[in-house]
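Novice: Sequence first, then the predicted structure:
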Amino acid sequence: MAMDPLLMEIGNYAILFFVVTSIAAMGLNLTVKEIIAPWKKKGLLSISLLANFVVVPLFALLIMKIIPLDIDLATGLIIVAAAAGAPSLPKAMHIIRGNVAYAVGLTMILILVTIVYMPIMLPYLIEGVYVDQTSTALYLVIFMLIPLVVAMAVRKLVPACAQRLYPVIDRASDLSIIAVLLIYTFGLFTSDFSIRAGALLGLEGIIVAVLFILGSFLIGYLMGGVELRNRQVLAFGTGFRNVSAALVVISANFDDPQILFMVLVIAIFGIVFMMIFGGILYRKNKREILKNDLK
């Protein structure tokens, strides 16, 4: 028995709701000053773009050369690798007391580049899989670019309204991704797909997901330059991929839940490892702040 079509349809709507609310929440919390901040550090910005849109996708391709994957799992991996600019990056930096200002501006730039990059590059990155460039671009514009622009306009024109809306939409985003995970987990475990997907993912799929997250985090950390706070931002920026954009691309192009399964597995591992790394960096940054306060 496959996943229930009605359940899958509800899950797809939940995915799109999550994407719109997560992007809108970010737009409502953005100021023009924060947006232009990364442009003042052109060298670091160039490295950030190179790390996210060249090195991380190449790293994913390298992993697949070493550990061959089923085509659906490989497709999910490449989609995640091509999607940069997780809307939760600024929130993560705030929690660990990192460089929030740079994280906000960088995330904005990464999202905008992702919207252009994915429709163009995915057909070349995913060998043997058809990706509709027009549909991909249209979905990314409708569900990411437009909500972002509208939310930023609200922040600019009616900041008091944006301030009231932000916590509501941000909470809705958090709840909707939980709903997505619950819906598909329930669907998987009430159908024979869970058996097939589990067998398909196997130890190799889990190893690939872990390697990809750890390697992506390390890429950002090593390429982030000499300043520790910038390295932290870029490490989280490369390690924590834009699941929103990945889910939009899947909605536009694929019906096979195995691709979505791989994306969700990487997302879950990403959250786990980012929590671990975040805890380590939080303690490190806290010690640095206390040390500076004592001077």
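Specialist: That came through fine.
Novice: wait, what's in contact with Ala83?
Specialist: 114, 118, 241-246, 249 (Cβ atoms under 8 Å, 6 or more residues apart in numbering). Using the backbone N, CA and C atoms, a C-beta is placed for each residue, glycine as well.
Novice: Among these, which pair sits farthest apart?
Specialist: The two members of the contacts of Ala83 with the most space between them (Cβ to Cβ) are Met118 and Val243, at 13.0 Å.
Novice: May I ask you to confirm that Phe53 is in contact with Ile120?
Specialist: No - taking contacts as Cβ atoms under 8 Å, Phe53 lies outside contact range of Ile120: 10.6 Å.
Novice: Show me which of these two is the more surrounded one.
Specialist: The neighbour comparison of Phe53 against Ile120 (other Cβ atoms under 10 Å) goes to Phe53, with 19 against 12.
Novice: could you pull out the helices for the stretch 51-200 of the chain?
Specialist: For the stretch 51-200 of the chain, the helices defined by DSSP state H, counting those that start in this stretch occupy 56-66, 71-82, 89-95, 100-125, 133-140, 146-157, 159-189, 193-223.
Novice: Check what pLDDT the closest residue to Pro123 other than its chain neighbours gets.
Specialist: Among residues not flanking Pro123 along the chain, Val131 sits closest, at 4.8 Å (Cβ to Cβ, 6 or more residues apart in numbering). As predicted, Val131 sits at a pLDDT of 84.
Novice: what does Tyr13 give?
Specialist: 82.
Novice: what do you get for Ile178?
Specialist: 80.
Novice: Neighbours of Ile271, how many?
Specialist: 16.
Novice: Quick check: which element contains it?
Specialist: Remark: Ile271 resides in helix 257-294, with elements defined by DSSP states H and E.
Novice: now Glu34
Specialist: With DSSP H and E as the test, Glu34 turns up in helix 32-36.
Novice: Just the buried residues of that helix, please?
Specialist: Residues of helix 32-36 classed as buried by neighbour count (16 or more other Cβ atoms under 10 Å): 34-35.
Novice: And the closest residue to Lys41 other than its chain neighbours, how close does it get to Gly220?
Specialist: Excluding the flanking residues, the one nearest Lys41 by Cβ to Cβ, 6+ apart is Tyr102, at 7.4 Å. Using Cβ to Cβ, to the nearest Å, Tyr102 is found at 13 Å from Gly220.
Novice: go on, Lys40?
Specialist: 20 Å.
Novice: Please apply the same query to Tyr13.
Specialist: From Tyr13 over to Gly220 (counting by Cβ to Cβ), the distance is 33 Å.
Novice: Looking at those two, which is more packed in?
Specialist: Applying other Cβ under 10 Å to Tyr13 and Gly220 shows that Gly220 carries more neighbours, namely 25 against 15.
Novice: The residue nearest to that one when sequence neighbours are not counted: which element?
Specialist: Among residues not flanking Gly220 along the chain, Thr238 sits closest, at 3.3 Å (Cβ to Cβ, 6+ apart). Thr238 belongs to helix 228-239 when assigned by DSSP H and E.
Novice: Going by contacts, tell me the helices and strands next to that helix.
Specialist: When contacts are defined as 3 or more Cβ pairs under 8 Å, 6 or more residues apart in numbering; DSSP states H and E, helix 228-239 packs onto helix 42-50, helix 89-95, helix 100-125, helix 193-223, helix 257-294.
Novice: Give me the contact list for the worst-scoring helix or strand of the chain on mean pLDDT.
Specialist: Here the helix or strand of the chain ranked lowest by mean pLDDT, DSSP states H and E is helix 32-36, holding a mean of 74. With Cβ under 8 Å, 6+ apart as the test, helix 32-36 has contacts from 101, 104-105, 108, 156.
Novice: Please spell out the PyMOL selection for the buried subset of those.
Specialist: Buried members of these, defined by 16+ other Cβ under 10 Å, are picked up in PyMOL with:
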select buried, resi 101+104+105+108
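Novice: Can I get the contacts of helix 32-36 in JSON lines including distance to Ile169?
Specialist: Shown next, in JSON lines, are the contacts of helix 32-36 (distance: Cβ to Cβ, whole Å):
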{"residue": "Ala101", "distance to Ile169": "22"}
{"residue": "Val104", "distance to Ile169": "16"}
{"residue": "Gly105", "distance to Ile169": "20"}
{"residue": "Met108", "distance to Ile169": "17"}
{"residue": "Lys156", "distance to Ile169": "16"}
